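Asks: below are the sequence and a predicted model for it; my questions follow.
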Amino acid sequence: MKKEKMPLQVWILTLAAFAIGTAEFVIAGLLPQIATSLSITEGQAGYLISAYALAIVFGGPILTIYLARFNKKAVLASLMVLFILGNAMSAFAPNYTILMISRVITGLVQGPFYGIGAVVATNLVSEKMAGRAVGQMFAGLTLANVLGVPGGTWIGLQFGWHNTFITVAALGLIAMVFILSVIKSTGHGEAKDVKAQLMAFKNPMLLMSLAITVFAWSGFMTLYGYIAPIATHITGYGEEAVTWILVIVGLGLIVGNTVGGHSSDKNLHKASMFWAFAMIVSLVLVGLTVGNQLLFVAAAFVFGIASFANVPAMQLRVMNHGGEGQELAATANISAFNLANAFGGFLGGMVLDSNLGAGMIPYAAIIVPVLGLILISVANKRETLALATAN
């Protein structure tokens, strides 16, 4: 039997996901530059992370429900047009307000593109390849952290941060051209009844699973979003070093995503508890090592592994309780991740601009994930009890 290959169309969706992921996270490497050039504090620059994330939180599910009825090729191409416009607006933003608005516009693209793109990816392959096709598309997001963010940071340092956004817009343009030329027009997807999808949210375990994502994940962006100020102000690195520090953290994210996937398949309860705890420990490690350049980078790598190892467990738990509304539940979980990102952006920015300073950010990042750990413990007990009762 011939081994099935991943179609070219899925690779194009991966490229688009890479561009979108880079647009979201590249601010982390550009904070000091944007703050200097717009005469704002680094904390205020960090709020650009929150604005983008909140656009995903609220815009994602609403746009996904609305767009599900249209021709998917046209929808994906239109979303990329909006993405290009948002990044071009960021590139030429004359002030903080316009830059903030441009980030909201770009953020609106992410939820529906990933939601609808995942459906397109699964329709392009046989059922046994469906998981890998979605994984392949989302690999673009992970790759954005390893190549896109450090690359965008390097471009910003060499040629100015405006050029980073021009480059991201160009990536979006390439992806759009390929979407128009290679992806076939697929029908007006059999949009599942919205009411049936919304009914899934009556399940208290689904709501608890989404709450776990919000609480347990919030420590990620609190630290990741402010790695540049911590490395330069506290650890004593030059601005140029931020690029390769982000590469190392990005490699950690890839390792974490793989390890987390395997351990979640083995035992979801144990994996979710272990990795949520490991992320808290890694944040303490980063906090303790900010004074030592070598140890700080090693701890940041461990943080990358521990944080992204949580992602498969969180996604799987939500899907398990999604019932009839799995698609909407999955989109809602993307919103949950980004609600955590928005909160992390605000919290990190507040700590950075306060008297506590950058060195306290890793410790501030621990507070909410501890609540997440408690929620995971409660959810595990309830699921075990429900299983025992069913048997």
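Replies: Okay, I see it.
Asks: got any ranges where the stretch 101-250 of the chain has weak pLDDT?
Replies: 130-131, 186-193 (pLDDT under 70).
Asks: G236 in helix, strand or coil?
Replies: What DSSP: H, G, I helix; E, B strand; the rest coil gives for G236 is coil.
Asks: any idea how far it is from L67?
Replies: To L67, G236 is 48 Å away according to C-beta to C-beta, to the nearest Å. Just so you know, the C-beta spots here come from the backbone N, C-alpha and C atoms, and that holds for glycine as well.
Asks: who has more neighbours, the two?
Replies: L67 (21 against 13; other C-beta atoms under 10 Å).
Asks: which phi and psi does G236 have?
Replies: phi 90, psi 20 (degrees, to the nearest 10).
Asks: and N267, how many neighbours?
Replies: There are 12 residues near N267, going by other C-beta under 10 Å.
Asks: ok, it to L371 distance?
Replies: For N267, the distance to L371 (C-beta to C-beta) stands at 23 Å.
Asks: can you give the distance from stretch 90-108 to the centre of its chain?
Replies: Offset of stretch 90-108 from its chain centre (C-alpha atoms, centre = their mean, to the nearest Å): 19 Å.
Asks: which stretches of the stretch 251-391 of the chain have low pLDDT?
Replies: Residues of the stretch 251-391 of the chain meeting the criterion pLDDT under 70: 327, 391.
Asks: how about 80 then?
Replies: For the stretch 251-391 of the chain, the stretches flagged by pLDDT under 80 are 319, 323-328, 330-331, 390-391.
Asks: just the helices in it please.
Replies: Using DSSP state H, counting those that start in this stretch, the helices found in the stretch 251-391 of the chain span residues 268-289, 293-308, 310-320, 326-353, 361-364, 367-390.
Asks: quick one: closest of these to G107.
Replies: Proximity to G107 (C-beta to C-beta) singles out helix 326-353 among the helices of the stretch 251-391 of the chain, at 8.2 Å.
Asks: so that closest one versus helix 367-390, what angle?
Replies: 150 degrees (axes from the mean of the first three to the mean of the last three C-alpha atoms, to 10 degrees).
Asks: name the helices or strands packed onto helix 326-353?
Replies: helix 42-67, helix 96-123, helix 194-199, helix 204-224, helix 310-320, helix 361-364, helix 367-390 (3 or more C-beta pairs under 8 Å, 6 or more residues apart in numbering; DSSP states H and E).
Asks: adding distance to V26 as columns, could you present these in CSV?
Replies: Formatted as CSV, the helices and strands packed on helix 326-353 follow (distance: least, C-beta to C-beta, whole Å):
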stretch, distance to V26
helix 42-67, 10
helix 96-123, 11
helix 194-199, 33
helix 204-224, 12
helix 310-320, 20
helix 361-364, 19
helix 367-390, 24
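Asks: wait, which of those is closest to A342?
Replies: helix 42-67 (3.8 Å).
Asks: pLDDT of the closest one, averaged?
Replies: Across helix 42-67, pLDDT averages out at 89.
Asks: which residues does T167 contact?
Replies: For T167, the contact set (C-beta atoms under 8 Å, 6 or more residues apart in numbering) comprises 152, 155.
Asks: what strand or helix carries it?
Replies: helix 161-182 (DSSP states H and E).
Asks: what's the closest non-adjacent residue to Y47?
Replies: The shortest distance from Y47 to any non-neighbouring residue, by C-beta to C-beta, 6 or more residues apart in numbering, is to G349 (5.6 Å).
Asks: distance of the one you found relative to V378?
Replies: Distance of G349 to V378, computed by C-beta to C-beta: 31 Å.
Asks: wait, G252 touches I305, no?
Replies: Yes - at 4.5 Å, G252 and I305 qualify as touching, with contact defined as C-beta atoms under 8 Å.
Asks: now do K202: how many residues are near it, please.
Replies: Other residues close to K202 by other C-beta under 10 Å number 10.
Asks: how about the nearest residue to L316 once chain neighbours are set aside, what does it touch?
Replies: Nearest residue to L316 in three dimensions, chain neighbours excluded: S264, at 5.3 Å (C-beta to C-beta, 6+ apart). S264 sits next to 271-272, 312-313, 316 when contact means C-beta under 8 Å, 6+ apart.
Asks: ok, W11 - contacts?
Replies: So W11 contacts Q136 (C-beta under 8 Å, 6+ apart).
Asks: same question for S185.
Replies: 71-74 are the contacts of S185 under C-beta under 8 Å, 6+ apart.
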